[in-house]
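The following comprises the amino acid sequence and a computationally predicted model.
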Amino acid sequence: MAGLPRSIAPPSEATAPATDERDVYDQLLRDTRGLRREHAAAREAWLARLPLERKVELLFELEILLKGLACFANPRNHPGPPRRTPIVAQDFREHTALAREALGRIVHTCRTLLADQERAFVFQRYLETVLPDDRARTRLVGDAGAQETPEQSLFVLRHAMTNLYEVTAGVTRLQRVPYRLFYALLGVGQREVGACAYFNPLHALEFRPEFDRITNPQMLELIRNVPGEAARRLVALTVLSLFRMLRYLGLVERVAREPTDSPRRSVAVVYLVLSVLRSDARALSGYLRRRSGPLLGAGFEADVLRVPAHELAGVYDGLRARGAELRDVKATLEGAAANLRLEMRRAFEREFLPLEAAPSLDELSAAVARVAANLKPALQNVVMFLGRSLGARLDAAGVFDDRAAQRVLSERLRRDVWMFAQIVRAFAMKARSVDASGQERWAGSSPLGFVREFMSYFRAMGYPLLRTADYPHVDTFLAAMTNLRDADLLDPAGLARAVAEAERFHAFLSALFDAISGREELVGVDFDRRAAAEALRLYLGD
């Protein structure tokens, strides 16, 4: 994300030494933001004594909107298909107007959290405008800039955001706002947030105990039973990030449906929060894709090197089993990353309204409901997939505190099984069209180019299905597909094995589809084949 500092510390580089190999979840909650211990304690004490209802929800919204100023400045986080028009030729006046409305919401939330001290702020602003002496005015501003307590930090933030709101309101009166002006404007806001001692959420992925603590014992046990500290940190990072994204969706759903006197302000909040969602999803999927293998490998290498040479023979079988476990963890995390990337691209590029549409609040509410109906079960499904892959039997209703979660996840699983069954069948048909000489009947530059394309879909959809459904021939299927993908020359025998494994997997998926349809929670729920076919078309990018 442009301009946003990275905070995903590699699992082997924890910010605090571990006192127990099982406490990486607590370390992530405590250390990702990098608050000093005394600042964290002061912030917790301030929040505890704040005399407001829904104070945690208000603080969460404030911090996500502050982060949203940075994320919204990056056009990659905006919904809609990629634009062909060069960015320098685009008009960002509508984007600037939404930023102004979001700043208004930030200022309002700061006022609410300041409670009784809001009157002090109003008096401060009054003095700044009436003091005739420049030295006295400068001294007054300097004294008000101290951030020794959370209240003072919030006071400074309120002051900066109010000034930025006024400037942004003036910019929106221009007939056209170029990207450089739009980016510079939000860059000023990002700098002010970055200087805030107690309310700085600008890290790419960060967690706070007041927002992100997981209370479900099944999930905590899952995280703490993952073998190896590096793997445990990666799983904890993934689980916490997925639950944070579900919280983003909950926030936009609430904002989109709540009564309001300012519909445009609600629209702005939704777009900024969704820009944070897309940014965090990209950061997580990219991190897991690039770093999970090296980090797990480095952790395993360190474990092996700690074993004295004369003891290697005795622990060989255990180390080999541990390596197999870590290989499965790597495949699981990379599968989750691929699935997340695919889901986000589909939601943002195909389903949600682009900013150019200038939607009303009613139109936006319908779009939010549509996106949430697809993204929530997708994120929940990744959580359940992680649990199943790591040997845990999770109860969806308990994990997500939602009685309808099991039915929604079953519907989602049934749809995904049907979709991937079509992909597998198409793969087998395509493979059969390749003859022994390496020529194919269909047009294409490489006779096996479709194999790599199939494997990209497999990582995003097929691998989770293999693990979720306990497919008994998973190893032979993976070996056949991997050998075919990595072959430099066409191997007729290898191609025949891949086709046979694909057809066997297709038969399994067809039987699984029928079994899922017979589940208790899906009795009387018809399968919408047309909607599933449309979803498949979107997945394939047609």
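Received it, and whenever you're ready, just let me know what you need.

use CA for all of it now, contacts and neighbours both
Noted.

His105 and Arg265 touch, don't they?
Just so we're on the same page, residue 105 is Arg rather than His. Yes. The pair Arg105 / Arg265 is scored as a contact, 6.9 Å apart, by C-alpha atoms under 8 Å.

which ones are touching the most centrally placed residue in the chain?
Against the mean C-alpha coordinate of the chain, by C-alpha atoms, centre = their mean, the closest residue is Ala281 at 2.8 Å. Under the criterion of C-alpha atoms under 8 Å, 6 or more residues apart in numbering, the neighbours of Ala281 are 245, 340-341, 344.

Gly170 is in what secondary structure piece?
Gly170 is part of helix 150-171, with elements assigned from DSSP states H and E.

just checking, what packs against that helix?
Applying 3 or more C-alpha pairs under 8 Å, 6 or more residues apart in numbering; DSSP states H and E, we find helix 150-171 packed against helix 37-49, helix 93-114, helix 179-194.

Give me the mean pLDDT for it.
Per-residue pLDDT over helix 150-171 has a mean of 92.

Output the below-cut-off pLDDT ranges for the protein.
Of all residues in the chain, those with pLDDT under 70 make up the ranges 1-23, 31-35, 117-146, 435-449, 486-490, 541-542.

longest helix anywhere in it?
Looking across the chain with DSSP state H, the single longest helix is helix 263-305.

List the buried residues of the following helix or strand past that helix.
The element immediately downstream of helix 263-305 (helix or strand, assigned by DSSP H and E) is helix 312-346. Residues of helix 312-346 classed as buried under the neighbour-count rule (16 or more other C-alpha atoms under 10 Å) are 323, 325-326, 329-346.

Extract the C-alpha set from the helix or strand hosting Gln27 and format it as CSV.
Using DSSP H and E, Gln27 sits within helix 24-31. Coordinates of the C-alpha atoms in helix 24-31 are reproduced here as CSV (Å, rounded to 0.1, in the frame of the first residue of the first chain):
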residue,chain,number,x,y,z
VAL,A,24,2.7,-16.0,20.1
TYR,A,25,-1.0,-15.1,19.9
ASP,A,26,-0.7,-12.8,22.9
GLN,A,27,2.5,-11.3,21.5
LEU,A,28,0.8,-10.4,18.3
LEU,A,29,-2.0,-8.7,20.1
ARG,A,30,0.4,-6.8,22.3
ASP,A,31,3.3,-6.0,20.1
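
List the contacts of that helix.
With C-alpha under 8 Å, 6+ apart as the contact definition, helix 24-31 has outside contacts at 15-16, 18, 206-209, 212-213, 223-224, 229, 232-233, 236-237.

what does stretch 492-510 give?
417-418, 421, 424-425, 427-428, 431-432, 435-436, 471, 476-477, 480-481, 483-484.

Also stretch 178-194?
Counting by C-alpha under 8 Å, 6+ apart, residues outside stretch 178-194 touching it are 66-67, 69-70, 73-74, 87-93, 95-96, 157, 160-161, 164, 168, 199-202.

Could you turn the buried ones of those residues into a ChimeraX selection?
To isolate the buried subset of the contacts of stretch 178-194 in ChimeraX, counting by 16+ other C-alpha under 10 Å, use the following:
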select :66,67,69,70,73,74,91,92,93,95,96,157,160,161,164,168,199,200,201,202
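
returning to what we had before: next, give me the two most distant ones among the contacts of Ala281.
Across those, no pair lies farther apart than Met245 and Arg341, at 13.2 Å, counting by C-alpha to C-alpha.

What is the burial count for Arg403?
Counted with other C-alpha atoms under 10 Å, the burial measure for Arg403 works out to 11 neighbours.

is it true that it touches Ala397?
Yes. When contacts are counted by C-alpha under 8 Å, Arg403 is listed as touching Ala397 (4.9 Å).
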